[in-house]
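**Q** This is the structure alone, sequence omitted:
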């Protein structure tokens, strides 16, 4: 039997059902908006009442986006991450190639600052900068999320937090003295959490580093040379000289870590692709991903648009015995963002104080 044509009453009923579904959808979205607003109000209340800070504004400072003379080197940028203050590395357990504790960590932070300033101001032509970008990328403390860390750390979590806060205050003050202005975007890592297993809801506020960053912002709130951005999520999206970056620690790329054979380049490349696709779908496409976590310096350029940071702690027992990864020196990433040429002049800033011996005066040699 052929279907009967719809009557006006049928069409009215269909329209009424569509309207009912739309109203339900609107009510659901309004409820979500209220929950998000409630969460944001809670974050704002913490900033205002506990840390005595003003409203969080996600936009970076205007000096980062203003066009620069193409003859100048651009804006220096660096990632400071994976300090792992509090952890001890025992020299005899890593083949004698590294040692780490709170005292050595403080020394390396000072070397990081001094070397960064030297490279930027004494080894670049026309070193005129509008300021410097210092990304704090997480795992600033090692925490006590594993039993062996709790048993062997150099003091308590609070000892590590006090030490790293003092070092960062001194370091950022020196950077402001040298460059005039400092932009400091901050994201949490995975080691600073206050739970044994990682969680995904309310993740930032369950990290000691979220509180550390707000302590730093409060310390510098009257110093107009420094501007902090502390998002209420694990990622921060910003633009420098027309180039878009996403800063995240690196433990939430949605991929497994590398090993002693394939290294970390494969997982990092896959994770950058996954993250790039998901972020683009919500309007936060980026050109370059900035990460730490893997303790391996890697600058992928156009082929793999990722700047992966090294670590301040350097080679440790876990890297040697569990992962069996190649030895890598402690270092942090430094590069320049040029308005015309993009990401340029990428250097690892080495922190172990080793110097390459070179007694031969000839600049190049070869074998017959």
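**A** Noted; the coordinates are in hand. Being a predicted model, the structure only gives us computed values, none of them experimental. Numbering: from 1, shown residues only.

**Q** Let me see the ranges of the strands in the stretch 1-150 of the chain.
**A** 75-80, 132-136 (DSSP state E, counting those that start in this stretch).

**Q** Out of the ones you listed, the one nearest residue 366 is which?
**A** strand 75-80 (35.6 Å; C-beta to C-beta). The way it works is simple: take the backbone N, C-alpha and C, and place the C-beta from them, glycine included.

**Q** Paired strands for the closest one, with orientation please.
**A** Here strand 75-80 is paired, per DSSP bridges, with strand 132-136 (parallel), strand 331-338 (antiparallel).

**Q** Relative to residue 71, which of these is closest?
**A** For residue 71, the closest of the strands paired with strand 75-80 is strand 331-338, at 10.4 Å, according to C-beta to C-beta.

**Q** after that closest one comes which helix or strand?
**A** Per DSSP states H and E, strand 331-338 leads on to strand 342-350 as the next helix or strand towards the C-terminus.

**Q** before we move on, back to that, of all the strands of the stretch 1-150 of the chain, which one is nearest residue 270?
**A** strand 75-80 (20.5 Å).

**Q** any idea of the mean pLDDT for that closest one?
**A** Across strand 75-80, the average pLDDT comes to 97.

**Q** What are the buried residues along that strand?
**A** 75, 76, 77, 78, 79, 80 (16 or more other C-beta atoms under 10 Å).

**Q** Nearest to residue 337 among those?
**A** residue 75 (4.6 Å).

**Q** For that closest one, give its distance to residue 67.
**A** 11 Å (C-beta to C-beta, to the nearest Å).

**Q** Wait, residue 291 touches residue 249, no?
**A** Yes - assessed by C-beta atoms under 8 Å, residue 291 is found in contact with residue 249 at 6.7 Å.

**Q** out of everything not next to it in sequence, what's closest to the residue nearest the centre of the chain?
**A** For the chain, the residue sitting closest to the mean C-alpha position, by C-alpha atoms, centre = their mean, is residue 137 at 2.6 Å. In space, and not counting its chain neighbours, residue 137 is closest to residue 81: 3.1 Å by C-beta to C-beta, 6 or more residues apart in numbering.

**Q** Quick one: distance of the helix or strand where residue 271 lies to the chain centre.
**A** Using DSSP H and E, residue 271 maps to helix 265-281. For helix 265-281, the separation from the chain centroid amounts to 15 Å (computed by C-alpha atoms, centre = their mean, to the nearest Å).

**Q** which secondary structure elements does it contact?
**A** strand 243-248, strand 288-291, strand 306-308 (3 or more C-beta pairs under 8 Å, 6 or more residues apart in numbering; DSSP states H and E).

**Q** What's the mean pLDDT across stretch 350-358?
**A** Here the average pLDDT along stretch 350-358 is 79.

**Q** rewinding a little: compute the inter-axis angle for the helix holding residue 271 and strand 243-248.
**A** 110 degrees (axes from the mean of the first three to the mean of the last three C-alpha atoms, to 10 degrees).

**Q** low pLDDT regions in this protein?
**A** Within the chain, the ranges that satisfy pLDDT under 70 run 1-4, 33-56, 58, 257-262, 356-358, 368.

**Q** re earlier: for residue 107, see how far away the residue nearest to the centre of the chain is.
**A** Taken as C-beta to C-beta, the span from residue 137 to residue 107 is 20 Å.
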